[in-house]
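Asks: next input, structure requested:
(one chain, ligands or ions: 1)
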Amino acid sequence: MAQDTIPAAKPIIGDEERAAVDRVMRSGMVAQGPEVAAFEKEFADELVGGRTCVAASSGTAGLHLGLLAAGIGRGDEVLVPSFTFAATANSVALSGATPVFVDIESDYFCMDPEATEAAITPRTKGAMPVHLYGHPANMDRFRALTEKHGIQLFEDAAQAHGASWNGTPVGAFGTFGMFSLYPTKNMMSGEGGMVSCATPEIARMVRLLRNQGMERRYENEVVGFNSRMTDIHAAIGRVQLGKLPAWTARRQEIAAIFDSRLKGVTVPPVAPEATHVYHQYTIRVHGDRDAFAKALLDEHGVGSGVYYPIPNHELPSFKLALDLPVTKVAAQEVLSLPVHPSLTEANIDRIVTGVNAMAKAGS
Ligand SMILES: Cc1ncc(COP(=O)(O)O)c(C=O)c1O
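Replies: A predicted model of the protein is given here:
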């Protein structure tokens, strides 16, 4: 029977987002302005306990500006996981510093605090764990180890809007935390990033760097970029921010159904201290993962994604001969199933049936 493919990810764009864009277009003022300022304030209050937030044109720009504002540059080392999207390490490299790749914990796919501490050298200026798939990294351990060694803590929260560790929201721990607003994220603005800043000084520097180094027009204080968000994007983001709590709850509900009904694959464990927001619901497939994914699509019409098939240190852009065994296995085994809030009950049934059938056939 022909059936529609269930996509791995699906941005939800409603009439409210369209109306918000129209409102800004009709105002005639579309570049960074009052919508961006309102979005920053609302995002801060909703997601990071009121810390000052500064919007940027993308998550990658947000990471880059955050690192520069924190004083990271040539000669410095910043510890990052290799098992993440390349933007994490790219932003470090673009700041002039060296990304030093660290292995992950096998349970939660996030940077391993022990391996991080072992990789610290006199040149290490910071550590940037990634709250991968919406599961927070172990922030108690990261806070303790960065304080102990006098280095800065940065958070790549690109995938983790609303996640928390022991009740503290991600993005509220480090010198800065960055949230991506790319369309497939838990909420989006078209393109965009939000930088949550620990101090007014960091926030001011991110703002300066975002806008050619200017706070007052034509009085450029530092060399900067044009990494501004437009009011059109901010208007979309404001609407999505209002929808995020219900979407997150739905992602968590779907994940709970998968946890209880999937058999023969390893479902994603959640640390007792963690609130997971399931940007991805990522299983481990023991065996031929890629054949599993292809059969899931061909036979059951279920899309899936591999995030990420090549560890960053093996990419042509970095090409480093490192031994990161947990990362290596994860890259071979992970498979992310659709968990987006627009899934219907029939979709969920089909995903469960398909995965269980594939797992059974492979066992
Ligand atoms: C872990 C991680 N870091 C950084 C980014 C960069 O965000 P953006 O795509 O908004 O530049 C992403 C988004 O894809 C991501 O998943």
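
Asks: and the strands in the chain?
Replies: Assigned by DSSP state E, the strands in the chain fall at 52-56, 77-81, 98-102, 124-127, 152-156, 164-165, 168-169, 176-180, 193-197, 274-275, 281-284, 334-337.

Asks: ranking these by burial, who's on top?
Replies: Using mean count of other CB atoms under 10 Å, the stretch among the strands of the chain with the greatest mean number of neighbours is strand 176-180 (a mean of 31). All C-beta spots, glycine's among them, are computed from the backbone N, C-alpha and C.

Asks: elements contacting that one?
Replies: Using 3 or more CB pairs under 8 Å, 6 or more residues apart in numbering; DSSP states H and E as the contact test, the elements touching strand 176-180 are helix 59-69, strand 152-156, strand 193-197.

Asks: and the contacts of the last one?
Replies: Yep, that's strand 193-197 we're talking about. With contact meaning CB atoms under 8 Å, 6 or more residues apart in numbering, strand 193-197 is reached by 39-40, 43-44, 47-48, 51-63, 65-66, 69, 157-158, 171-172, 175-181, 203, 206.

Asks: counting neighbours, what do you get for the spatially closest residue to Ser91 that is not a sequence neighbour?
Replies: Taking CB to CB, 6 or more residues apart in numbering, and ignoring the residues beside it in sequence, Ser91 has Leu63 as its nearest neighbour in space, at 3.6 Å. Residue crowding around Leu63 was assessed by other CB atoms under 10 Å; the count is 30.

Asks: before we move on, the earlier item: can you tell which of the strands of the chain is closest to the ligand?
Replies: Between the ligand and those, the shortest gap by CB to the nearest ligand atom is with strand 176-180, which sits at 3.5 Å.

Asks: tell me the mean pLDDT for the closest one?
Replies: Regarding strand 176-180, the rounded mean pLDDT is 98.

Asks: who's in contact with Glu16?
Replies: Val239.

Asks: model confidence at it, what's the number?
Replies: Among the per-residue scores, Glu16 holds a pLDDT of 98.

Asks: cool, the one 3 residues further on as well?
Replies: In the predicted model, Ala19 carries a pLDDT score of 98.

Asks: quick check: residues of the stretch 101-250 of the chain near the ligand?
Replies: Remark: the part of the stretch 101-250 of the chain in contact with the ligand comprises Val130, Asp156, Ala158, Gln159, Ser180, Tyr182, Gly193, using CB under 6 Å from any ligand atom.

Asks: what's the closest of these to Gly75?
Replies: Gly75 lies nearest to Asp156 out of these, by CB to CB, at 21.9 Å.

Asks: so what's that closest one bridging to?
Replies: On the basis of DSSP bridges, Asp156 is bridged to Val130, Met178.

Asks: ok, now how distant is it from Leu67?
Replies: 11 Å (CB to CB, to the nearest Å).

Asks: how about Ala198?
Replies: The spacing between Ala198 and Leu67, counted by CB to CB, is 13 Å.

Asks: neighbour-wise, which of those two wins?
Replies: Leu67 (27 against 18).

Asks: quick one, phi psi at the closest residue to the more buried one other than its chain neighbours?
Replies: Spatial nearest neighbour of Leu67, chain neighbours left out: Ser95 (4.3 Å); criterion: CB to CB, 6+ apart. The phi/psi pair for Ser95 (degrees, to the nearest 10) reads phi -70, psi -10.

Asks: what's near enough to touch Ser95?
Replies: With contact set as CB under 8 Å, 6+ apart, Ser95 has these partners: His64, Leu67, Leu68, Ile72, Gly73, Asp76, Val78.

Asks: my guess is the fifth one contacts Gly96. True?
Replies: Yes. Under the contact definition of CB atoms under 8 Å, Gly73 touches Gly96, with a separation of 4.4 Å.

Asks: what bridges to Pro169?
Replies: Pro169 forms beta bridges with Ser164, as assigned by DSSP bridges.

Asks: contacts only, for it.
Replies: In this structure, Pro169 makes contact with Leu47, Val48, Gly49, Gly162, Ala163, judged by CB under 8 Å, 6+ apart.

Asks: mind listing what the spatially closest residue to Arg251 that is not a sequence neighbour touches?
Replies: Closest residue to Arg251 in three dimensions, ignoring its sequence neighbours and counting by CB to CB, 6+ apart: Tyr278, at 4.1 Å. The contact partners of Tyr278, taken as CB under 8 Å, 6+ apart, are Tyr133, Gly134, Thr248, Arg251, Gln252, Ile254, Ala255, Val339.

Asks: great, nothing more from me.
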